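Trainee: kindly generate the corresponding structure for this input.
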Amino acid sequence: MICVVPTNKKDLRKMVTQTTIETYEEMTPQLIRLIEETKRDESLSEPQKQDEISLHMLGYVKSCTNEIIVEVLAEILGLDD
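Mentor: A predicted model of the protein is given here:
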C-alpha cells in the first residue's frame with residue numbers, strides 16, 4: 001500500500017472526497033437491496049415501511065461515515081487490513 005499523507009487541508013479534503021465517493025458507491029447496492037426488501041414486505045403497513053426505510057438510510061450514512069474515517073486514517077497512518 002502506497003501511503004499518501006496529505007500536507008494541507010486541500011489535499012486532505014481531496015482524499016476524504018475521493019474516499020467518500022468510493023465508499024458510497026460500494027455500499028449503495030446493499031442499501032438498495034434493503035429498501036427493495038422492505039417495500040415488498042407485506043407484513044408492514046406503509047408507514048412502517050417508511051420508518052424501516054428511514055432506519056436503513058440512517059444506518060447506511062453511519063456505516064459510510066465510519067468506513068470513510070477508517071479508510072482515510074488507515075491511508076494516512078499506513079495501516080494494512
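Trainee: so what's H56 up against?
Mentor: L31, L34, I35, T38 (Cβ atoms under 8 Å, 6 or more residues apart in numbering). Heads up, the C-betas are built off the backbone N, CA and C, glycines and all.
Trainee: what about the residue most central in space within the chain, distance to T28?
Mentor: Geometric centre of the chain, nearest residue: C64, 1.9 Å, by Cα atoms, centre = their mean. Distance of C64 to T28, given as Cβ to Cβ, to the nearest Å: 9 Å.
Trainee: out of the contacts of H56, which is nearest to D81?
Mentor: Within these, the smallest distance to D81 is 23.4 Å, found for L31 (Cβ to Cβ).
Trainee: tally of neighbours for that closest one?
Mentor: Number of residues near L31 (other Cβ atoms under 10 Å) recorded here: 18.
Trainee: contacts only, for it.
Mentor: H56, M57, Y60.
Trainee: mind pulling the model confidence for C3?
Mentor: On pLDDT, C3 comes in at 63.
Trainee: would you indicate which residues of the helix or strand that E36 is a member of are buried?
Mentor: For E36, the enclosing helix or strand under DSSP states H and E is helix 9-40. Buried residues in helix 9-40, counted by 16 or more other Cβ atoms under 10 Å: M15, T19, T20, T23, L31, L34, I35, T38.
Trainee: so P6, which state does it fall into?
Mentor: coil (DSSP: H, G, I helix; E, B strand; the rest coil).
Trainee: quick check: closest non-adjacent residue to it.
Mentor: L12 (4.1 Å; Cβ to Cβ, 6 or more residues apart in numbering).
Trainee: from K62, how far out is that neighbour?
Mentor: L12 sits 22 Å away from K62, going by Cβ to Cβ.
Trainee: likewise for Y24?
Mentor: Y24 is 13 Å from K62, by Cβ to Cβ.
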